[in-house]
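Colleague: need a 3D model of the following:
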Amino acid sequence: MSEIMALAGTGAAMSTTASSPPRLHPGTAVHCEIRPLGSCADIIGEWADLATRAIEPNPFLDPGFALAAAQHLVSFRDVALMLLWQGGPGGQPRRLIGLAPFRRRQRLFAAEALDEFADPRLLNGTPLIDATFVAPALSALLRAWRGEAGPTAGLTFHAIDPGGPFAAALTGLARRHGFLADWHSLGRPDAQFTAPTNLREARAAFEAHGTLRLEEPSTLAGRRDAAEILLALEASGRRGRTGSATLQDIREAAFLRSMSRSLSRQKLCRIALLMLDEIPIAAALTIGRSPASWLYLAADEDELARARPLALLLAMMRKTAPSRQIRLAGGLPVFGAKSDGFATLRLSHRRAGTPADLAARISRRVGQSLFRPRPAIHGG
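Modeller: A predicted model of the protein is given here:
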């Protein structure tokens, strides 16, 4: 287990209740712990509490999502969490103020090292950082990364909101740590999810063949059944014919069932069905708490695809909750995109151009090439 100590420089203590984290002085040292993701079940309480206090909420780093991924998905098998604790190790009071995923990389002739981690299922890659202790947590993260990867190693954060508070805090702090920030766009999402321009006409086209209604189960049992309908609908369509449906991969299907159950208990997962009479013609699973959520998996009836029932479903979901915004992979909202979406943030060292630095970078790349994890079969 890797341990690194960093001094917390700024921040303010937050008020405590009977169930709140311990009150610690802003100058308390930050202890960095590197732990395999699969062995973090014993800190679910502290982890879940941090998720509610994060400067930017990220349901994809909620314990319900991440631990289910570690249990079922091969691409998460070597993931480790960098846990930033305010307070010393041992029995001293401590408070979790930061959490970020990395990959453990085995090396042939040296101890294992940390490497950057990204997965297409993580539609939001923002680490969990305590909103009250942003500067101490981010400073400790950068110091810990340098301790693991080397003094001139760069660091990449995937799927980050350039206009969010995390990006603003990190880029400002990174400059003081000798990093340069560079943004790379994630590109535009598929246009198939664009809402119909005339919702009434779109509904009328379907209602000529039956009664159209939106169902969003509110009970755990109802969401479990809706998840099975979504999986079956996806498998019966285009993805099923190409062998890429979630239901055709045992691990992916087990992960989705486990993840959706866990997040549903916290009201972080919703599944909506578009019914034509008693037949489901479209289904969508969103992750996140209203008003912001992410479209994780969606499917529609293949024979009706030209009429775009999935786009109609999303529009009807929005009509029932006008303040609800649904984001796609890449961060662009389905309704009224007003930004360029999410992007990849790359931090590089200012002095990483000397011969010694270039040699160290080449050595690191050679080491990375010796470990190539199995790519994910699905993007979610």
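Colleague: in the stretch 101-250 of the chain, which spans are helices?
Modeller: 134-149, 165-176, 199-207, 220-235, 238-241, 250-265 (DSSP state H, counting those that start in this stretch).
Colleague: export these as CSV, with columns for distance to F76 and mean pLDDT.
Modeller: All C-beta spots, glycine's among them, are computed from the backbone N, C-alpha and C. Below are the helices of the stretch 101-250 of the chain laid out as CSV (distance: least, Cβ to Cβ, whole Å; pLDDT from 0 to 100):
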stretch, distance to F76, mean pLDDT
helix 134-149, 19, 92
helix 165-176, 22, 94
helix 199-207, 39, 80
helix 220-235, 20, 96
helix 238-241, 22, 93
helix 250-265, 9, 97
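Colleague: could these be laid out in a markdown table, adding mean neighbour count?
Modeller: Shown next, in a markdown table, are the helices of the stretch 101-250 of the chain (neighbours: other Cβ atoms under 10 Å):
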| stretch | mean neighbour count |
| --- | --- |
| helix 134-149 | 22 |
| helix 165-176 | 17 |
| helix 199-207 | 13 |
| helix 220-235 | 18 |
| helix 238-241 | 15 |
| helix 250-265 | 20 |
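Colleague: rebuild those helices as a markdown table, extending it with distance to E56.
Modeller: What follows is these, written out as a markdown table (distance: least, Cβ to Cβ, whole Å):
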| stretch | distance to E56 |
| --- | --- |
| helix 134-149 | 10 |
| helix 165-176 | 5 |
| helix 199-207 | 31 |
| helix 220-235 | 26 |
| helix 238-241 | 31 |
| helix 250-265 | 17 |
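Colleague: closest to R306 out of those?
Modeller: Among the helices of the stretch 101-250 of the chain, the nearest to R306 by Cβ to Cβ is helix 199-207 (10.6 Å).
Colleague: tell me what the closest one is packed against?
Modeller: helix 309-320 (3 or more Cβ pairs under 8 Å, 6 or more residues apart in numbering; DSSP states H and E).
Colleague: ok, and what's touching the helix it packs on?
Modeller: Helix 309-320 has contacts (Cβ atoms under 8 Å, 6 or more residues apart in numbering) with 192-196, 199, 202-203, 206, 214, 216, 272-274, 281-284, 295, 298-301, 324, 326, 334-335.
Colleague: give the buried residues for it.
Modeller: 309-318 (16 or more other Cβ atoms under 10 Å).
Colleague: out of those residues, which comes closest to W85?
Modeller: Closest to W85, out of all of the buried residues of helix 309-320 and judged by Cβ to Cβ, is M317, at 39.5 Å.
Colleague: could you check how far that closest one is from A204?
Modeller: The gap separating M317 from A204 is 19 Å, by Cβ to Cβ, to the nearest Å.
Colleague: and for D49?
Modeller: 48 Å.
Colleague: next one: F65
Modeller: Distance, F65 to A204, by Cβ to Cβ: 38 Å.
Colleague: quick one on the thing from earlier: just the buried ones among the contacts of helix 309-320, please.
Modeller: Judged by 16+ other Cβ under 10 Å, buried ones among those: 193-196, 202, 206, 214, 216, 272-274, 281-284, 295, 298-301, 324, 326, 334-335.
Colleague: looking at those residues, which are in strands?
Modeller: 214, 272-274, 281-284, 295, 298-300, 326 (DSSP state E).
Colleague: hmm, S260 is touching A227, no?
Modeller: Yes - using Cβ atoms under 8 Å, S260 makes contact with A227 at a distance of 5.1 Å.
Colleague: shared neighbours of these two, anything?
Modeller: Taking Cβ under 8 Å, 6+ apart as the contact rule, S260 and A227 both touch 271, 285.
Colleague: domains of the chain?
Modeller: Domain assignment of the chain by automatic domain parsing yields the ranges 2-11+27-186+352-369, 191-327.
Colleague: pipe those into a markdown table and attach distance to R346 per row.
Modeller: A markdown table is the format used below for the domains of the chain (distance: least, Cβ to Cβ, whole Å):
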| stretch | distance to R346 |
| --- | --- |
| domain 2-11+27-186+352-369 | 5 |
| domain 191-327 | 22 |
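Colleague: what bridges to I279?
Modeller: With DSSP bridges as the criterion, I279 is bridged to L276.
Colleague: relative to M316, how far out is it?
Modeller: I279 is 16 Å from M316, by Cβ to Cβ.
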